[in-house]
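**Student:** sharing a sequence plus its predicted fold:
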2 protein chains.
Amino acid sequence: MNKQELINTIREKKSFLCVGLDPDTDLIPPMIKNDSRHPLFEFNRIIIDATIDLAVAYKPNIAFYESQGSRGWESLEKTIDYLASHPKGPVFTIADAKRADIGNSSRQYAKTFLANLPFDAVTVNPYMGHDSVKPFLDVPGKWAVILALTSNPGASDFQTLNCRPGTAKSPPDTEGTVKLYHAVVKACLSWGSPENMMFVLGATRPESLAAIRKTAPDHFFLVPGVGAQGGQLEEVAAQCMTHEVGMLVNSSRGIIHASRDDDFDIRAREAAKHLQEQMEKILISPP
Amino acid sequence: MNKQELINTIREKKSFLCVGLDPDTDLIPPMIKNDSRHPLFEFNRIIIDATIDLAVAYKPNIAFYESQGSRGWESLEKTIDYLASHPKGPVFTIADAKRADIGNSSRQYAKTFLANLPFDAVTVNPYMGHDSVKPFLDVPGKWAVILALTSNPGASDFQTLNCRPGTAKSPPDTEGTVKLYHAVVKACLSWGSPENMMFVLGATRPESLAAIRKTAPDHFFLVPGVGAQGGQLEEVAAQCMTHEVGMLVNSSRGIIHASRDDDFDIRAREAAKHLQEQMEKILISPP
């Protein structure tokens, strides 16, 4: 799915919701866990059917599948196949893998998530720099979603450090100092385009969203941390929404594990609907 | 394998060699590729048998297995089982996965590589901070190997930026400025111990090894970049070897793909032997 198709889907569905498919086996209702060879997929299938008219994107976190061994991988394969061929689609699909390695290894990861598994996008950790990121950008028609400022507490350990890019030439003063996550975004702008690159920016720090929006006016942001992690949707939209929308807001546990009982699909739909209705208001009259 | 057992193994084998098991399907001899249901494992099995008296550690890079789908995962499972039960063992085993995510996702990755697959250690990307790293350190008797300064060209994009940790309180001058990779090592020291944490430091920048050795005198370093990437073994040892050795040097392609023909096991052994002989000299009379 390209950028214009994503924007069209958002306008049609009146939603910029991404549903995180991070099924925790401890929270899946026993009915499903005990009755299926592929409980993660069965769970996902029901969640997808309950939410697909309200969501424009789905984002399985690979950790939850990998930890279930080869059966988990089969559930992941079945999930992306189900999403890719759903009659109520198309939806934008993101493999939340947070991968990156030296070039020849990153190429293997790009093959895994953007070819073998036909996701539209994969999340990428920028720490190892350009040759670890570019193999994902080199796949035609696909996207790399770069971790910039994440929504977890540890984001404050390194991502928010003050840094001086181009240190060899710049003078030893505070001019030109930027936070590491801002330096990451600036560097990435020259590696990809708004057509094949997004940035992860946590809703937990809305003040930072506006600064990054100035640096990257045309890129989509993938914003986690609304809901379970406490960010506020309207505040986030005020900081970074553009005339092309320019943002996807992810909710995982707040939707898929809204209930641990057999009514999990009904509760998931309610939680998704609650977010979609807020998003519709914001799309009609942007803050 | 704990730290003292690792040191004992190094002394016995007169080697601190780690062999990177990154089998590129394009470089595996046709004989093996065509005749086996699990060519990656078959290739690894022959490489392991040819080198295990010369190496103390093996490090499969997960990208190369994941890209082969569920068959690739089976090869990875067979490889770690083969290593864990080899009659010429024990050897130290590292899943080169470069994972990390928010806490509950990192716990899933720790389960995958340190429990389901019984590796001794897993490589971890520090960008997301303490709560993304700690789940790996929480597994008793296992290790996290933190990426600090990697050996690829992109290491210069962010890892070597000048940063000011503790920025809120420190004055806006150059005092207290450190490279990002150094800030990573300093922060990690309070999250783990020399008994459950190592650092990846590339051989391509030996001058940096000495500085990090001062900061982390008791931690093992995992040093890639000798051989194919051009670092020099003796120079590296001079910068960071300790009375407990304190270092593993990794070689991947330089050993396993020394030949693309049917003599790949003989050439792999020669390449490993060449490194082991240099290591033996260094262990007898440290630089």
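**Tutor:** Received, thanks. Because the structure is predicted, anything quoted here is derived from the model rather than measured.

**Student:** residues contacting residue A:202?
**Tutor:** Counting by C-beta atoms under 8 Å, 6 or more residues apart in numbering or on different chains, residue A:202 touches A:149-152, A:155, A:223-225, A:229, A:231. The C-beta positions use only the backbone N, C-alpha and C, and glycine is treated the same way.

**Student:** try 6 Å
**Tutor:** When the contact criterion is C-beta atoms under 6 Å, 6 or more residues apart in numbering or on different chains, the partners of residue A:202 are A:149-151, A:224-225.

**Student:** cool, and residue A:123?
**Tutor:** For residue A:123, the contacting residues are A:96-98, A:145, by C-beta under 6 Å, 6+ apart.

**Student:** can you add neighbour count, pLDDT and secondary structure and give those residues back as CSV?
**Tutor:** Rendered in CSV, the data for the contacts of residue A:123 read as follows (neighbours: other C-beta atoms under 10 Å in any protein chain shown; pLDDT from 0 to 100; DSSP: H, G, I helix; E, B strand; the rest coil):
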residue, neighbour count, pLDDT, secondary structure
A:96, 29, 98, strand
A:97, 25, 98, strand
A:98, 28, 98, strand
A:145, 25, 98, strand
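
**Student:** so which strand or helix has the residue nearest the centre of chain A?
**Tutor:** The central residue of chain A, meaning the one whose C-alpha is nearest the mean C-alpha position (C-alpha atoms, centre = their mean), is residue A:222 at 4.9 Å. Secondary structure assigned from DSSP states H and E places residue A:222 in strand A:220-223.

**Student:** which neighbours does that strand have in its sheet, and in what orientation?
**Tutor:** strand A:197-201 (parallel), strand A:247-251 (parallel) (DSSP bridges).

**Student:** what's the closest of the ones you listed to residue B:33?
**Tutor:** Across the strands paired with strand A:220-223, the minimum distance to residue B:33, taken as C-beta to C-beta, is reached by strand A:197-201, at 35.2 Å.

**Student:** residue B:255: which of the contacts of residue A:202 is nearest?
**Tutor:** Top of the list for closeness to residue B:255, among the contacts of residue A:202 and by C-beta to C-beta, is residue A:150 at 36.4 Å.

**Student:** state the mean pLDDT of the longest helix seen in chain A.
**Tutor:** The helix that spans the most residues within chain A, counting by DSSP state H, is helix A:264-284. For helix A:264-284, mean pLDDT rounds to 96.

**Student:** please state the offset of that helix from the chain centre?
**Tutor:** What separates the centre of helix A:264-284 from the centre of its chain is 18 Å, taken as C-alpha atoms, centre = their mean, to the nearest Å.

**Student:** now stretch A:25-36
**Tutor:** The chain centroid and the centroid of stretch A:25-36 are separated by 26 Å under C-alpha atoms, centre = their mean.

**Student:** wondering if it reaches chain B at all.
**Tutor:** No - interface with chain B: stretch A:25-36 contributes nothing (C-beta under 6 Å from any C-beta of the partner chain), its closest point being 9.6 Å away.

**Student:** please name the nearest non-neighbouring residue to residue A:51.
**Tutor:** Take residue A:51 and drop its neighbours on the chain: the residue closest to it by C-beta to C-beta, 6 or more residues apart in numbering or on different chains is residue A:272, 4.4 Å away.

**Student:** please name the residues that touch that neighbour.
**Tutor:** Residues counted as contacts of residue A:272 (C-beta under 6 Å, 6+ apart) are A:51, A:54, A:255.

**Student:** would you turn those into CSV with distance to residue A:11, pLDDT and neighbour count?
**Tutor:** Formatted as CSV, the entries for the contacts of residue A:272 read as follows, by distance: C-beta to C-beta, whole Å; pLDDT from 0 to 100; neighbours: other C-beta atoms under 10 Å in any protein chain shown:
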residue, distance to residue A:11, pLDDT, neighbour count
A:51, 18, 98, 24
A:54, 14, 98, 23
A:255, 22, 96, 29
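
**Student:** point me to the residue of the stretch 1-150 of chain A nearest chain B.
**Tutor:** Closest residue of the stretch 1-150 of chain A to chain B, C-beta to the nearest C-beta: residue A:129 (2.2 Å).

**Student:** quick one: that residue and residue B:155, what's the gap?
**Tutor:** Here the distance between residue A:129 and residue B:155 works out to 6 Å (C-beta to C-beta, to the nearest Å).

**Student:** who has more neighbours out of those two?
**Tutor:** Set side by side, residue A:129 and residue B:155 show more neighbours around residue B:155, with 26 against 23, by other C-beta atoms under 10 Å in any protein chain shown.

**Student:** flag every residue of the stretch 101-250 of chain A that's near chain B.
**Tutor:** Counting by C-beta under 6 Å from any C-beta, the stretch 101-250 of chain A comes close to chain B at A:101-102, A:105, A:108-109, A:111-112, A:116, A:125, A:127-132, A:150, A:152-155, A:157, A:161-164, A:167, A:172, A:174, A:187.
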